[in-house]
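Visitor: please work out how this folds:
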Amino acid sequence: MKVSIILSLYKSEKYLKKYFEDALNQKNIENIEFSIVHNQATKFEKEIINQFKYKLNIVYQEVPLEPLYVSWNKAIEQSSGEYIACWNVDDLRTYDSIERMIKTLDENKDTGFTYGDIMIVNQFGSKNGRYIKTLDFTKKLGTSGAIGGPFFMWRRSLIEKVGYFDEQFKSGGDFDYTVRLSLLSKGKKTDGLVGFFLHEGVGLSTRSAHLQILERTVIELRYGIWYKIDINYIHAAFDYKINMITENSIERKIDKEIYDLSYKRRFMLLLIAYGVGKNFTIEKLRQLKRFLFKRDIYDNKYHLKTS
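Guide: Take a look at the predicted model:
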């Protein structure tokens, strides 16, 4: 199989039929495998899947309710594609996006992953919304932001080096994963629109601003993206294991490359403060003072998390 779509399902009945109909319209659908991990499957959801299981290449397992990235890792494990791609059940793709992304990786052997432009829509099935034109890949962009978006594709061969999704996260795992892909491989943009991302405030990545900021802070601390950190979330961020990645229920230390990147960027923080000037530095010190006043960062819990 050329590419495997990893798909976690939970309470997905209202999206499933349209999703599979859209999938059937993909060019060269015979090259695409759908690796599905179904959380708390319902009778109606299974009936819809049964309508399409002979029309699409589907690998399927049912599980009790579990975190998203636990399911994604299981989906990767049971899949067989040379390439792996993200395509959530409440999002839609352009009819040729999979083919174009495959072509990008086929023609650029030194490229580890690819992504493209997206359209943000507020209604499932809509093709009208806010067009987001993504930037061409650089190592700096890839290791300081979620450059991959919701529709990235990468080489299975990179898993040995990059690992799996960090199961500590509830919504920020794709951001974390594309930073690792950017640090340990090279990205390349596939030109043009690749998909329609639903933003209606009910998905894991859109319904909780607090959770998004918190998990983004964890990732920014892990990779030394200091200039983006909201200091009000630092204390809560240490409830996560910043220097450990949990994959397939097993913890491992972050790679040396991540340590090195974070350490290097400590000096960048000082340069930024110096380069922007006195007012910037004073404001950051004021923020830190307010943070220290509001939170007791010297309690035992904090020391245990950071020592």
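
Visitor: make sure Gly116 is indeed in a strand.
Guide: Yes - counting by DSSP: H, G, I helix; E, B strand; the rest coil, Gly116 is found in a strand.

Visitor: phi, psi for Glu99 please.
Guide: For Glu99, the backbone dihedrals (degrees, to the nearest 10) come out as phi -60, psi -40.

Visitor: my read: it touches Lys27, true?
Guide: Yes - taking contacts as C-beta atoms under 8 Å, Glu99 lies within contact range of Lys27: 4.5 Å. From N, CA and C alone the C-beta is placed, and that goes for glycine too.

Visitor: which of the two has more neighbours?
Guide: Between Glu99 and Lys27, counting by other C-beta atoms under 10 Å, Glu99 is the more crowded of the two (18 against 14).

Visitor: what sits against the more buried one?
Guide: If you count contacts by C-beta atoms under 8 Å, 6 or more residues apart in numbering, Glu99 has them with Gln26, Lys27, Asn28.

Visitor: now the helices: where do they sit in the stretch 151-300 of the chain?
Guide: When assigned using DSSP state H, counting those that start in this stretch, the helices of the stretch 151-300 of the chain occupy the ranges 159-162, 173-184, 209-223, 234-237, 256-276, 278-294, 300-306.

Visitor: return the set of buried residues in the first one.
Guide: Residues of helix 159-162 classed as buried under the neighbour-count rule (16 or more other C-beta atoms under 10 Å) are Val162.

Visitor: which residue is the nearest non-sequential neighbour of Phe20?
Guide: In this structure, Phe20 finds its nearest non-sequential neighbour in Phe52, 4.3 Å apart by C-beta to C-beta, 6 or more residues apart in numbering.

Visitor: with Tyr10 instead?
Guide: On the basis of C-beta to C-beta, 6+ apart, the spatially nearest residue to Tyr10 that is not a chain neighbour turns out to be Asn39, at 3.9 Å.

Visitor: and Glu250, how far from Ile159?
Guide: Actually, residue 250 is Ile rather than Glu. Using C-beta to C-beta, to the nearest Å, we find Ile250 at a distance of 14 Å from Ile159.

Visitor: next: Leu214.
Guide: For Leu214, the distance to Ile159 - C-beta to C-beta - is 27 Å.

Visitor: same check, this time on Pro67
Guide: 19 Å.

Visitor: likewise Met244?
Guide: Computed as C-beta to C-beta, the Met244 to Ile159 distance reads 18 Å.

Visitor: now Arg222
Guide: Here the criterion is C-beta to C-beta. By it, Arg222 lies 19 Å from Ile159.

Visitor: wait, Lys74 touches Glu62, no?
Guide: No - look at Lys74 against Glu62 with C-beta under 8 Å: they stay out of range, at 10.9 Å.

Visitor: neighbour-wise, which of these two wins?
Guide: The neighbour comparison of Lys74 against Glu62 (other C-beta under 10 Å) goes to Lys74, with 20 against 12.

Visitor: name the SS class of that one, please.
Guide: Taking three-state DSSP as the rule, one finds Lys74 in the helix state.

Visitor: also the one 10 residues further on?
Guide: Using three-state DSSP, the secondary structure recorded for Ile84 is strand.

Visitor: quick check: bridge partners of it?
Guide: Partner residues in beta bridges with Ile84: Ser4, Trp154, with DSSP bridges as the criterion.

Visitor: in this structure it contacts Phe152, no?
Guide: No - between Ile84 and Phe152 no contact is recorded; they are 9.3 Å apart, counting by C-beta under 8 Å.

Visitor: report the contact partners of Leu184.
Guide: With contact set as C-beta under 8 Å, 6+ apart, Leu184 has these partners: Gly112, Leu158, Lys161, Val162, Asp255, Glu257.
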